[in-house]
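Trainee: need a 3D model of the sequence below.
(one chain, ligands or ions: 1)
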Amino acid sequence: METFLSQNGLSLVENENKFRSIITNKKIDIGKTIIISHPLISFPILTYNKIRCDQCLKKKENNLQTCSKCQRVYYCDRSCQKSSWISHHKLLCPLYKKSKNNMDEEMLKRVTILIEKFFNNNNNNNNENYLFETFLKLMTHRTEQSINNLKSFEKISNNTYENLNFNKISKDDLINYLCVFYCNNFNLHDNQLFVYGEGTFPIGSLFNHSCRPNAIVMYDGAVQIIKCIEVINVGEEINISYIDVALDRVTRKKMLQEKYFFECQCSRCSVQERYSGIFSKIDQLIEEKDQVITKKDFNTSLENWVSSESKLEQNESKFSKVTKLILSNLLSHIKNNTTDNDYINSLSEIISILFQNYSKTNLFYISSFSFTTKLFYDKIDLQQWYQSTILGNYILSIYLIIYPRYHPMIGLHLFTLGKCYWNDITNGLESVKESINILECAQKVLNITHNEGAENVDIINQ
Ligand SMILES: C[S@@+](CC[C@H](N)C(=O)[O-])C[C@H]1O[C@@H](n2cnc3c(N)ncnc32)[C@H](O)[C@@H]1O
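Mentor: Residues are numbered from 1 along each chain as shown. Next comes the predicted model:
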């Protein structure tokens, strides 16, 4: 494991609160790939299992071939089918007739078959041994798991043990593996961020969480790619995010505690930050203070704003003011190569103004956001392009407050917004100019966040 990490310029160091952390031995620039790693096991979720190959997880609509024996798994070609057969399917194929596995059981069976082989051939110089060694040292948090979890793990472990013969692995080991899955596994997502699979990635599991991460996780089929979104200097820790960082502090805290068993002390959540810093102000802006009535008010005023007849009236709205303030100050930081410090300074100034003037409004609530996004896509469906650009700009301004500037959500949204401007002919040449500006920003972000060859990036680059 250490060798693999050091080949990638990384080190694993002990950490008092987090057990271990990954730090970089060299400066990493924005957009650079930090590490590419393979899963021990990954497979598509049920809704995708007929359009994504069970072995390589690449998409191939309509052309996948099923295993003629069990007719439960689909492959893109003979080579993937053969790899899967050798890896685990030979043992699992006859079992599919008997039972319908849930995801955890499926993962457990596949992983355990491989680990048993690893134990049996321990001396072989297999170049994937580091994956097993890493997996076996991942955190289980077993003593902190809920009683319900442990009961369910025991049941799955019993089923698995009855169906497969293991010599080197005990039932108790299986429960440990399930605990590892619970707080280490990843959901694989496509370039639009839709989840298509689940995977055990031992190397990816070494990265700790931050609510203001400097790295993101992307996928290409079954391959995991961790990319840098903020300059990371020698000796600094690399952090990804385990949850959606747009969530408010209370929800983040609850989710991290329930699923990963830790109290987050990242740069955004630390006590020091909480009382003074910019992220604390952001968290206060998005934290919900009022109840349902204001939500209804919000929806009505948003709809009125978007459909107001006169532009003057529109510009007077708090939605317009906030959007203009944020975009006029922050959008240029996306396109130009400003430093992270310059960006944070600008963000800090904006947040202070927003905090002073809008901290008692519900403009930044996540719950308001689902309505705003729905309205945005409704306008697109209705081809009301001008209104879609107004809403799209507002959404973009909120994204720039809650997400790091080079985040896939921002890139994807810019891409959609750029297309709305392109279709909006009411403003003539102005719309075309704005479309180009927005699409250039989208190109910059997507080239950083997405992998080469990703569909959106290709379209935009062309
Ligand atoms: C996927 S593992 C990350 C690697 C782990 N530190 C290790 O050494 O194996 C997730 C676990 O790491 C710890 N962890 C991750 N991020 C943390 C953070 N920001 N603060 C405290 N603990 C964290 C928690 O115990 C969590 O359940």
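
Trainee: check the secondary structure at Glu198 for me.
Mentor: When the structure is reduced to helix, strand and coil (DSSP: H, G, I helix; E, B strand; the rest coil), Glu198 reads as strand.

Trainee: who's in contact with it?
Mentor: The neighbours of Glu198, taking Cβ atoms under 8 Å, 6 or more residues apart in numbering as the test, are 42-43, 45, 103, 107, 185-188. From N, CA and C alone the C-beta is placed, and that goes for glycine too.

Trainee: repeat that for Lys82.
Mentor: Counted by Cβ under 8 Å, 6+ apart, Lys82 has zero contacts.

Trainee: tell me how far it lies from Asp378.
Mentor: Lys82 sits 48 Å away from Asp378, going by Cβ to Cβ, to the nearest Å.

Trainee: what residues does this protein put near the ligand?
Mentor: Proximity of the chain to the ligand is assessed by Cβ under 6 Å from any ligand atom, with 17-20, 138-139, 141, 183-184, 205-206, 208-210, 260-262, 264-266 identified as the residues in range.

Trainee: quick check, nearest of the contacts of Glu198 to Gln356?
Mentor: Taking Cβ to Cβ as the measure, Gln356 lies nearest Asn187 of the contacts of Glu198, at 38.8 Å.

Trainee: shouldn't the closest one be within a strand?
Mentor: Yes: assignment of Asn187 by three-state DSSP places it within a strand.

Trainee: so where's the longest helix in the chain?
Mentor: The residue-count maximum for a helix in the chain (DSSP state H) belongs to helix 429-449.

Trainee: contacts for that helix?
Mentor: Outside helix 429-449, the residues that touch it by Cβ under 8 Å, 6+ apart are 30-31, 216, 218, 227, 229, 331, 334-335, 389, 405-408, 410-412, 414-415, 417-419, 421-422, 424-425, 427, 454, 456-457, 460-461.

Trainee: outside of the helix or strand following that helix itself, list whatever touches it.
Mentor: Taking DSSP states H and E as the definition, the helix or strand that follows helix 429-449 towards the C-terminus is helix 455-461. Under the contact criterion Cβ under 8 Å, 6+ apart, helix 455-461 has outside partners 191-192, 411-412, 415, 439, 442-443, 446-447, 450-451.

Trainee: using PDB, write down the CA coordinates of helix 455-461.
Mentor: Once non-C-alpha atoms are left out, helix 455-461 reads as follows in PDB (Å, rounded to 0.1, in the frame of the first residue of the first chain):
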ATOM      1  CA  GLU A 455     -19.300  13.700 -22.900                       C
ATOM      2  CA  ASN A 456     -20.000  17.300 -21.700                       C
ATOM      3  CA  VAL A 457     -16.300  18.200 -21.800                       C
ATOM      4  CA  ASP A 458     -16.000  16.900 -25.400                       C
ATOM      5  CA  ILE A 459     -19.100  18.800 -26.600                       C
ATOM      6  CA  ILE A 460     -18.000  22.000 -25.000                       C
ATOM      7  CA  ASN A 461     -14.300  21.700 -26.100                       C
END
